[in-house]
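Sequence first, then the predicted structure:
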Amino acid sequence: MTHQVRAVVARGKGAPVSLETIVVPDPGPGEALVKIEACGVCHTDLHYREGGINDDFPFLLGHEAAGIVESVGEGVTDVAPGDFVILNWRAVCGQCRACLRGRPWYCFNTHNAKQKMTLLDGTELSPALGIGAFAEKTLVAAGQCTKVDPTASAAAAGLLGCGVMAGIGAAINTGNVGRGDSVAVIGCGGVGAAAIAGANLAGAAKVIAVDIDDRKLATAEKLGATHTVNSRNADAVEAIRELTGGHGADVVIEAVGRPETYQQAFYARDLAGTVVLVGVPTPEMKLELPLLDVFGRGGALKSSWYGDCLPSRDFPMLIDLYLQGRLDLDAFVTETIALDEVEKAFERMHGGDVLRSVVVL
Ligand SMILES: NC(=O)c1ccc[n+]([C@@H]2O[C@H](COP(=O)([O-])OP(=O)(O)OC[C@H]3O[C@@H](n4cnc5c(N)ncnc54)[C@H](O)[C@@H]3O)[C@@H](O)[C@H]2O)c1
Ligand SMILES: [Zn+2]
Ligand SMILES: [Zn+2]
C-alpha cells in the first residue's frame with residue numbers, strides 16, 4: 001500500500017518551495033512510517049533549496065521533527081505504532097569502525113529508509129538529511145526514531161532533532177563543559193542559543209554570548225548567558241578576555257561558520273582551552289593561523305557533528321529535563337506556522353527575525 005500526503009518540495013536550485021502531493025510507501029523491513037506533528041525550519045533546509053548541499057533535486061525538505069509512529073516494517077522491535085518519537089539523522093549502525101570502537105556518536109554508516117518516496121509522476125524524492133518531514137507522513141529507518149515522553153510538546157521536542165541538539169551537544173558532549181568553567185559562544189542563533197543552554201546545564205560559572213544582533217543577545221540572556229557582547233561595537237576577543245580575568249574562556253564555541261569568527265574563538269580561549277566549531281563553513285572558506293600559535297596556545301580544536309549526540313541517550317534525557325522545567329525548549333520556538341508557510345519562514349530566517357519557525361501539522 002502507499003499513502004498520498006501533502007509535503008514541501010524544492011524542485012530546483014533557488015526556486016521557491018512548493019506544496020505538493022507525494023507518494024509514501026508502507027514501511028518495509030527495518031523501516032517506520034511516521035505521522036509528523038511538528039517540524040522546525042533549519043538553515044540546512046535553505047542550503048538544500050539553494051543547491052548548496054548537492055544537486056539531487058527534487059528535495060523533500062524538513063528534518064527537525066517529532067511525530068507518532070503509524071506503522072513499522074518487518075523486524076522492527078525498538079519502536080511500535082503509537083510511539084511518540086523524535087526523528088534523528090544519526091541512526092547508528094553498530095558495525096562501522098566508529099561503532100565497533102564504542103564511539104557510536106561518530107557512526108560513519110548511519111541508516112535511512114531504503115524505499116523511495118516519490119512525486120505523483122514517480123520521480124524519486126531526496127529527503128533532507130534522510131528525513132523529509134515537512135510532510136503529513138514520512139518514511140524513515142526505524143533507527144531514526146527515538147521514543148520520548150509523549151507529554152512533551154511536539155514543536156519543542158522536534159527541535160532536538162537537529163539545531164538545538166547540535167548546540168547543546170557542542171557544549172556538553174564535544175566541549176565537555178564542566179562545573180565552574182567559563183564558556184563563550186560566538187553566534188547566538190538557534191544553535192548558539194542552544195549551546196548557551198547546554199553550558200548552563202553543565203554548570204558553567206560564566207557564559208558569555210557574542211553576536212552582532214541585540215535581539216539574539218536578549219534571547220541568550222533568557223537562556224542563561226551571564227554576559228553579552230555585541231561584536232559589531234566591540235572587539236570580541238578583547239571583551240571575552242576582559243570578562244575572564246584577562247585570560248580567555250575555558251571553552252569557546254563557534255556557531256556561525258566563518259573564518260573570522262573561528263579566529264576570534266581561537267584567540268578568545270585560555271591557554272590549553274578548547275575551541276568547538278559547530279557552525280558549518282562553505283567550501284571556499286580558508287583560514288590562516290600562525291602554526292606557532294596553534295602549538296603555543298595548546299588545548300583542543302574540535303568540530304562538533306550533530307553535537308556528538310547519541311539520540312537514544314540524549315533525546316530522552318533532554319526531554320525529561322525540559323518537562324522538569326530545567327531546559328527551556330519552548331524559548332526556541334519563535335512562531336508556529338502551517339505547511340504552506342515554509343517559504344515565508346525562510347525569508348524571516350534570512351532577516352534574523354526568528355530562532356525557529358516550526359511547522360505544526
Ligand atoms: N554541526 C552541526 O551538526 C550543525 C547542525 C545544525 C546547524 N549547524 C550550523 O550552525 C550554524 C548556526 O546555525 P543557526 O541555525 O543558529 O543559524 P542562525 O542564522 O539562526 O544563527 C547565526 C547567528 O550568527 C550571528 N552572526 C552572524 N555573523 C556573525 C559574526 N560575524 N559575529 C557574531 N555573530 C554573527 C547571527 O546574528 C545569528 O544570530 C550554521 O552554520 C548551521 O549550518 C551545524
Ligand atoms: Zn556505525
Ligand atoms: Zn538542521
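The structure has been received and is ready for your questions. Numbering: from 1, shown residues only. Ligands and ions are numbered 1, 2, ... in the order given.

what's the neighbour count on the closest residue to ligand 3 within the stretch 51-200 of the chain?
Nearest residue of the stretch 51-200 of the chain to ligand 3: residue 162, at 3.2 Å (Cβ to the ion). From N, CA and C alone the C-beta is placed, and that goes for glycine too. By other Cβ atoms under 10 Å, 31 other residues sit near residue 162.

so what's the most far-flung residue of the chain relative to its centre up against?
For the chain, the largest distance from the centre (Cα atoms, centre = their mean) belongs to residue 292, which lies 33.7 Å off. By Cβ atoms under 8 Å, 6 or more residues apart in numbering, the contact set of residue 292 is empty.

For it, give its distance to residue 298.
12 Å (Cβ to Cβ, to the nearest Å).

go on, residue 160?
Counting by Cβ to Cβ, the gap from residue 160 to residue 298 is 33 Å.

which one of those two has more residues nearby?
Taking other Cβ under 10 Å, residue 160 and residue 298 do not tie; residue 160 has more neighbours (34 against 11).

and the end-to-end length of stretch 229-248?
With Cα to Cα, to the nearest Å as the measure, stretch 229-248 spans 14 Å from end to end.

Next one: the residue of the stretch 1-150 of the chain found nearest ligand 3 from residue 174, what distance?
Of all residues in the stretch 1-150 of the chain, the one sitting closest to ligand 3 is residue 42 (3.1 Å; Cβ to the ion). Note on residue 42: its distance to residue 174, by Cβ to Cβ, is 19 Å.

sorry, back to before: so the residue of the stretch 1-150 of the chain closest to ligand 3 is in contact with residue 164, correct?
No. Counting by Cβ atoms under 8 Å, residue 42 stays clear of residue 164, with 9.9 Å between them.

what touches both of these two?
Both residue 42 and residue 164 are contacted by residue 190, under the criterion Cβ under 8 Å, 6+ apart.

where does residue 174 land on pLDDT?
Residue 174 carries a pLDDT score of 98 in this model.

For it, list the residues it contacts.
Counted by Cβ under 8 Å, 6+ apart, residue 174 has contacts 276, 278, 302-304, 307-308.

which helices and strands sit right next to the helix or strand hosting residue 194?
Using DSSP states H and E, the element containing residue 194 is helix 190-201. Applying 3 or more Cβ pairs under 8 Å, 6 or more residues apart in numbering; DSSP states H and E, one finds that helix 190-201 contacts helix 163-169, strand 182-186, strand 206-211, helix 214-222, strand 249-254.

what number of residues lie near the closest residue to ligand 1 within the chain?
Nearest to ligand 1, among the residues of the chain, is residue 189, at 1.8 Å (Cβ to the nearest ligand atom). Residue 189 has 22 neighbours, counted by other Cβ under 10 Å.

Over to it: give its phi and psi.
Main-chain torsions, residue 189, degrees, to the nearest 10: phi -80, psi -160.

mind listing what it touches?
Taking Cβ under 8 Å, 6+ apart as the criterion, residue 189 is in contact with 43, 211, 216, 255, 352, 355.
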